[in-house]
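S.K.: below are the sequence and a predicted model; questions follow.
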Amino acid sequence: MSNWHIRNLTLIALAALSSAAQAQSPTETTHALDHVLTQGEVRPLAAIAAVRLRHGQVAYSYYGGFARQSPDETVPVGPQTLFRIASISKVVTTIGLMELVEQGKINLDHDASDYLGFRLRNPDFPQTPITVRMLLNHTSSIRDGDSYTLPPGHRISEVFDATHKPGDASYHFAHGEGHAPGTWFSYCNLCYGLVGTIMERVSGERFDRYQQAHVLDPLGIDGGYNRATLTHPERLATLYSHQPTGWNAETDTLPLVQVWDTVALAQYKPGTNGTLFAPQGGLRISMEGLTRLARFMLGHGTLDGKTLLSAHSIALMQTPTWQYDGQNGDCPYPIASYGLSMARLTGARDSSGRETRPYKGYSGDLAGHLGDAYSLHSGFWYDPATGDGFLFAADGFPDAGQERPGTYSSFTRVEEKIFTALAGAGKDIP
């Protein structure tokens with residue numbers, strides 16, 4: 001077995017395959033994913049980690065490729081490999097926020113300005129409040145601009161001050177479009193930096209520490225938003241892009257280098273800059289962790305007897321508050337409806353005109369989120385009604401925008417093939 005082509009297959013309680021239409025044997029699914037790993041892109045991927053859930057239980061899993069490599073060693077991907085999972089982080093961030101909502105400390109439909117401590121208004125609509133809900137569902141009229149993170153020593157309010165003018169790359173509001181806050185969907189990572197800031201001001205805790213203490217640790221999920229404090233840094237995957245000249249490390253190389261200046265971080269005042277630990281995309285989590293997260297959502301806010309949220313809050317997260325009607329949003333992703341940090345894949349057409357179907361023949365209603373950053377694409381998708389799920393991370397793509405596009409959806413070609421391979425996996429698990 002070659003150094004980088006390393007895989008491990010786990011199949012639980014496999015039953016006879018003869019009675020299930022379109023069911024796949026584990027070998028067929030594994031061969032399909034092997035092919036995606038080596039042939040899905042113009043150059044081989046570094047890694048694929050994938051889990052298929054049936055009725056809320058792991059029916060099949062696949063681990064192919066490497067988490068890290070050096071001249072001295074190649075570390076294989078496994079169930080506990082920690083990936084910087086990109087925008088799936090938004091779901092976990094929102095769980096932390098919803099705890100504060102349930103405590104009565106945050107109202108989703110309240111003016112976010114009052115929680116932030118500065119006036120947050122789109123100058124085109126100075127009388128229209130931007131609510132917390134709008135931040136969560138990407139209808140705030142805030143735009144990412146040239147950057148959506150700030151280092152220690154800066155306040156997030158600086159991003160919105162009068163020094164930034166319409167037309168500047170650093171201007172962070174929609175301008176001249178005529179869409180008031182709450183009426184137009186435009187995907188925005190900066191909004192989750194604002195959410196993180198609100199969580200810090202309300203709780204008095206630094207975002208990464210709050211999430212660890214109130215979400216990840218209670219759910220028994222290894223990982224975190226601060227890679228410098230990971231319990232198991234040796235499990236961390238380096239994210240690579242695959243260039244014509246070879247592998248290029250994008251982030252999370254070992255030994256870890258402190259992202260922010262240690263002294264400046266020690267002096268940081270929570271509630272002034274919630275972008276520091278990337279609430280929008282900075283969570284490191286494994287397939288084991290994503291599986292526990294899915295079970296928590298499927299358990300309506302309870303996992304292994306531990307309740308963090310009410311069933312009502314989980315339903316709020318999953319229920320779309322925005323749906324594309326052909327003229328109320330624009331998004332490059334396969335998103336045609338969105339709730340509180342969560343999309344629904346119903347087959348409806350997105351703003352590109354493509355159906356939100358992850359694989360051919362799909363007729364489900366998956367809830368969840370995708371991830372796309374640092375040459376990694378990830379998926380956290382489950383059906384609240386059936387307990388079926390698709391969880392995956394694929395690393396080692398070409399540069400952003402150079403991926404092979406999907407053939408029938410706004411997912412990438414590789415994502416479509418992963419969904420397709422997993423669709424029939426473990427189908428006879430009772």
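M.R.: Looks like it arrived, so ask away.

S.K.: ok, now how distant is the residue positioned nearest the centre of the chain from Gly223?
M.R.: Nearest to the mean C-alpha position of the chain, counting by CA atoms, centre = their mean, stands Ile88 at 1.4 Å. Distance, Ile88 to Gly223, by CB to CB, to the nearest Å: 11 Å. Every C-beta, even on glycine, is put in place using the N, C-alpha and C of the backbone.

S.K.: identify the contacts common to those two.
M.R.: Residues touching both Ile88 and Gly223 (CB atoms under 8 Å, 6 or more residues apart in numbering) are Leu283, Ile285.

S.K.: need the helices for the stretch 201-350 of the chain, in chain order.
M.R.: 207-211, 262-266, 287-298, 311-318 (DSSP state H, counting those that start in this stretch).

S.K.: in its sheet, what does the top strand by length along the chain sit against?
M.R.: Criterion DSSP state E: the longest strand present in the chain is strand 57-69. Strand 57-69 pairs in its sheet with strand 7-11 (antiparallel), strand 47-54 (antiparallel), strand 74-76 (antiparallel), by DSSP bridges.

S.K.: any idea which of the ones you listed scores lowest on pLDDT?
M.R.: The stretch with the lowest mean pLDDT among these is strand 7-11, at a mean of 33.

S.K.: go through the helix or strand following that one and flag the buried ones.
M.R.: Using DSSP states H and E, the helix or strand that follows strand 7-11 in sequence is helix 26-39. For helix 26-39, burial by neighbour count (16 or more other CB atoms under 10 Å) applies to Pro26, Thr29, Thr30, Ala32, Leu33, Asp34, Val36, Leu37.

S.K.: okay if I get the helices of the stretch 201-350 of the chain as JSON lines plus mean neighbour count and distance to Ala421?
M.R.: Below are the helices of the stretch 201-350 of the chain laid out as JSON lines (neighbours: other CB atoms under 10 Å; distance: least, CB to CB, whole Å):
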{"stretch": "helix 207-211", "mean neighbour count": "24", "distance to Ala421": "32"}
{"stretch": "helix 262-266", "mean neighbour count": "12", "distance to Ala421": "42"}
{"stretch": "helix 287-298", "mean neighbour count": "23", "distance to Ala421": "15"}
{"stretch": "helix 311-318", "mean neighbour count": "18", "distance to Ala421": "26"}
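
S.K.: sorry, back to before: can you tell me which of the buried residues of helix 26-39 is nearest Asp168?
M.R.: Val36 (41.5 Å; CB to CB).

S.K.: residues touching that closest one, list them.
M.R.: Contacts of Val36 (CB under 8 Å, 6+ apart): Leu45, Ile48, Ala394, Val414, Lys417, Ile418, Ala421.

S.K.: neighbour-wise, which of the residues you listed leads?
M.R.: Neighbour counts for the contacts of Val36 (other CB atoms under 10 Å) peak at Ala394, which has 30 neighbours.

S.K.: which SS class is that one?
M.R.: strand (DSSP: H, G, I helix; E, B strand; the rest coil).

S.K.: state the distance from the nearest residue to Tyr324 once chain neighbours are set aside to Gly182.
M.R.: Setting aside the residues directly before and after it, Tyr324 is nearest to Ala336 in space (CB to CB, 6 or more residues apart in numbering), at 4.4 Å. Between Ala336 and Gly182 the distance, using CB to CB, works out to 18 Å.

S.K.: could you find the closest non-adjacent residue to Arg206?
M.R.: Pro270 (4.7 Å).

S.K.: quick check, that neighbour in contact with Gly204.
M.R.: Yes: at 6.4 Å, Pro270 counts as touching Gly204 under the criterion of CB atoms under 8 Å.

S.K.: so between those two, which is more surrounded?
M.R.: Pro270 (19 against 10).

S.K.: show me what contacts that one?
M.R.: By CB under 8 Å, 6+ apart, the neighbours of Pro270 are Glu200, Arg201, Ser203, Gly204, Glu205, Arg206, Phe207.

S.K.: one step back: quick check, nearest of the buried residues of helix 26-39 to Asp372?
M.R.: Val36 (16.8 Å).

S.K.: OK, contacts around the nearest residue to Gly329 once chain neighbours are set aside?
M.R.: Leaving aside its chain neighbours, Gly329 sits nearest to Phe185 (3.0 Å; criterion: CB to CB, 6+ apart). Residues near Phe185 by CB under 8 Å, 6+ apart: Asn137, His138, Thr139, Trp322, Tyr324, Asn328, Gly329, Asp330, Cys331, Ile335, Tyr338.

S.K.: got a markdown table for those residues, with distance to Lys165 and pLDDT too?
M.R.: Converted to a markdown table, the contacts of Phe185 look like this (distance: CB to CB, whole Å; pLDDT from 0 to 100):
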| residue | distance to Lys165 | pLDDT |
| --- | --- | --- |
| Asn137 | 27 | 98 |
| His138 | 24 | 98 |
| Thr139 | 24 | 98 |
| Trp322 | 29 | 97 |
| Tyr324 | 31 | 97 |
| Asn328 | 27 | 97 |
| Gly329 | 25 | 97 |
| Asp330 | 23 | 96 |
| Cys331 | 26 | 95 |
| Ile335 | 30 | 98 |
| Tyr338 | 30 | 98 |
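
S.K.: among those residues, who's most crowded?
M.R.: Most surrounded of those: other CB under 10 Å gives Thr139, at 26 neighbours.

S.K.: who touches Leu150 in this structure?
M.R.: Leu150 neighbours (CB under 8 Å, 6+ apart): Ile156, Glu158, Val159, Gly193, Asn273, Thr275, Leu276.

S.K.: on the pLDDT front, check the last one for me.
M.R.: The predicted structure scores Leu276 at 96 on the pLDDT scale.

S.K.: isn't it up against Tyr268?
M.R.: Yes: judged on CB under 8 Å, Leu276 makes contact with Tyr268 at a distance of 6.9 Å.

S.K.: neighbour count: those two, which is higher?
M.R.: Shown here are Leu276 and Tyr268; by other CB under 10 Å, Leu276 has more neighbours (29 against 16).

S.K.: for Tyr148, see how far away the more buried one is.
M.R.: For Leu276 relative to Tyr148 (CB to CB), the value is 12 Å.

S.K.: ditto for Tyr60
M.R.: 36 Å.
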